[in-house]
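Peer 1: fold the following.
(chains A and B)
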Amino acid sequence: MIAIVDYKAGNLTSVKLALEHLGVDGVITRDPAVIENAERVIFPGDGAAASAMEHLNELGLVAPLKKVVDKGTPVLGICLGTQVICDHSDEDGGVDCMGLLPGRVKRFNPPDQLCKIPQMGWNTMRFKHKHPLFEGIEDDSEFYFIHSYYPVPADDAFIMGETEYADATFASAVGKGNLFATQFHPERSGRIGMRLLKNFTEWDGSC
Amino acid sequence: MLTKRIVPCLDVRNRIVTKGVKFQNNIDLGDPIEMAVRYSDGGADELVFYDITASAERRPIDIGMVEEIGKVVHIPFAVGGGIENLDDMYKVLLAGAEKVSVNSLAVKNPGIIAEGARIFGSQCIVLGMDPVRADDPKKFPSGYEITTRGFREHTGMDALEWAKRAQDLGVGEIVVNSVDADGTRDGFELPLTKLIATNVGIPVVASGGAGTPQHLIDVFQKAHADAAIVASMTHTGDYTIGQIKDVLDAAGVPVRKKW
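Peer 2: Next comes the predicted model:
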């Protein structure tokens, strides 16, 4: 069973429906016990960092998420989920986040008005490191992005894939042991995104 | 590189996709779920569904249809029509849509955009606007007036002012649907699209008038649209999304080519 963490941060249904399509059982939950005992955990999210951290604290979900990462459960972060696993985000005037992946979250600095924020649409990811979740996916494949902020890992070793936007090359996929996270939405990235999700449902957390 | 999005728009009435010219004389084209799957498999970058009679009939949006689409489509989709309040927005998003599009409601109650963006995030709140050409430079400096409720009501609001205000209120994207070009297949309203696209910092989707791949090249290269809506030209089978992308690619417009 895969626990889809519900912290009032959107896009939960599309993740659950994508898992259903793959024939995998996904449960949307905010119950710490269910999350701690799940075979795998998906930590999705849309929206803003400050309210996300507020909800995570209020629902008592920070400690359980740290626990599953520590004990080796495969964890997949998506979009805002990928940002709040970092140490700190510049969003909302600066927010301390969960610190599961060393790094910060920065905002795009568009060179001109024609470079729109949020980045919205399909962009390519170039592999930086080999990873089991990239199995069967071609380098430079396109994924669906919708975001204004991006993760900046403290160590290049955590950058699994890179993407270019607004004159920046940013980490569009990050990983550290059993934790993997994407700035794009695999559940909305068509056949190729589905392949990444399928890889996650079969991943044992080792690299 | 971020690619330009080609977004089929499905106007739905009683669970049937329909298309008219300038919001009138609609003809029926097919089942929305079947068409959604065909488009998703055929390389569409995103989909938009409008429950076009919900607003006029003053009834809530068809949530059952949104749920069915969410099950079969694995690309992003937006839903609009008949959104009356925050609860309607929540229902649409919870049913699996990525974005919710507000139009008449936003004009009536602009605060709802700010509230929706705060609660659900800017990225999922789309402002749909239906501007029509207006020859009164004093009242409408941009040359376009906002209409609502499917071109049934004039608002007295200037199109560019409304776009800027909506951006300030927190919408994540604006769909500019030209009433004059809608369904004509004569090309997008380029001056209007360019005016909005170059004056706001959020993505702008051009809508109304797509008839040939060249029209899309023009709206991307000359009017700086971030995405373009297609309807009649692909609904009728005259072009596939793949054919359009091949022409755009050859003209140097960045498009998603693998799906």
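Peer 1: mind listing what the single nearest residue of chain A relative to chain B touches?
Peer 2: In chain A, no residue comes nearer to chain B than A:G47, which is 3.5 Å away by Cβ to the nearest Cβ. C-beta: built from backbone N, CA, C; applies to glycine. Residues near A:G47 by Cβ atoms under 8 Å, 6 or more residues apart in numbering or on different chains: A:A9, A:G10, A:L80, B:F120, B:G121, B:Q123.
Peer 1: ok, A:Y165 next?
Peer 2: With contacts taken as Cβ under 8 Å, 6+ apart, A:Y165 has the following neighbours: A:F108, A:C115, A:Q119, A:N123, A:F145, B:L2.
Peer 1: what's opposite the fifth one in the beta bridge?
Peer 2: According to DSSP bridges, the residues that bridge with A:F145 are A:G121.
Peer 1: my read: B:A181 touches B:G209, true?
Peer 2: Yes - because the distance of 3.2 Å satisfies Cβ atoms under 8 Å, B:A181 is recorded as touching B:G209.
Peer 1: which residues do those two both contact?
Peer 2: The overlap between the contact sets of B:A181 and B:G209 (Cβ under 8 Å, 6+ apart) consists of B:G187, B:F188, B:E189.
Peer 1: three-state assignment of the second one?
Peer 2: So the one you mean is B:F188. Secondary structure of B:F188, reduced to three states by DSSP: H, G, I helix; E, B strand; the rest coil: coil.
Peer 1: returning to what we had before: the residue of chain A closest to chain B should be in a helix, yeah?
Peer 2: No - read with three-state DSSP, A:G47 is coil and lies in no helix.
Peer 1: nearest residue to it other than its sequence neighbours?
Peer 2: Nearest non-adjacent residue to A:G47, counting by Cβ to Cβ, 6 or more residues apart in numbering or on different chains: B:G121, 3.5 Å away.
Peer 1: residues in contact with the one you found?
Peer 2: Counting by Cβ under 8 Å, 6+ apart, B:G121 touches A:G10, A:D46, A:G47, A:A48, B:G172.
Peer 1: distance between the ends of stretch A:42-51?
Peer 2: Stretch A:42-51 stretches 19 Å from its first residue to its last (Cα to Cα, to the nearest Å).
Peer 1: how far away from the center of its chain is that stretch?
Peer 2: Here the centre of mass of C-alpha atoms in stretch A:42-51, compared against the chain's by Cα atoms, centre = their mean, to the nearest Å, lies 9 Å away.
Peer 1: stretch B:206-226 too?
Peer 2: Here stretch B:206-226 shows a centroid-to-chain-centroid distance of 13 Å under the convention Cα atoms, centre = their mean.
Peer 1: distance of B:G209 relative to chain A?
Peer 2: Between B:G209 and chain A the computed distance is 21 Å (Cβ to the nearest Cβ, to the nearest Å).
Peer 1: can you get me a residue count around residue 48?
Peer 2: In the absence of a named chain, this looks at chain A. Summarising burial for A:A48: neighbours were counted as other Cβ atoms under 10 Å in any protein chain shown, giving 23.
Peer 1: my bad, chain B
Peer 2: Here the neighbour count serves as a burial measure; for B:V48 (other Cβ under 10 Å) it reads 25.
Peer 1: ok, now B:P137?
Peer 2: As a burial measure, the neighbour count of B:P137 was computed by other Cβ under 10 Å and equals 9.
Peer 1: confirm it sits in a strand?
Peer 2: No - judged by three-state DSSP, B:P137 forms no part of a strand; its state is coil.
Peer 1: could you find the closest non-adjacent residue to it?
Peer 2: For B:P137, the nearest residue in space outside its immediate sequence neighbours is B:G143; the separation is 7.3 Å by Cβ to Cβ, 6+ apart.
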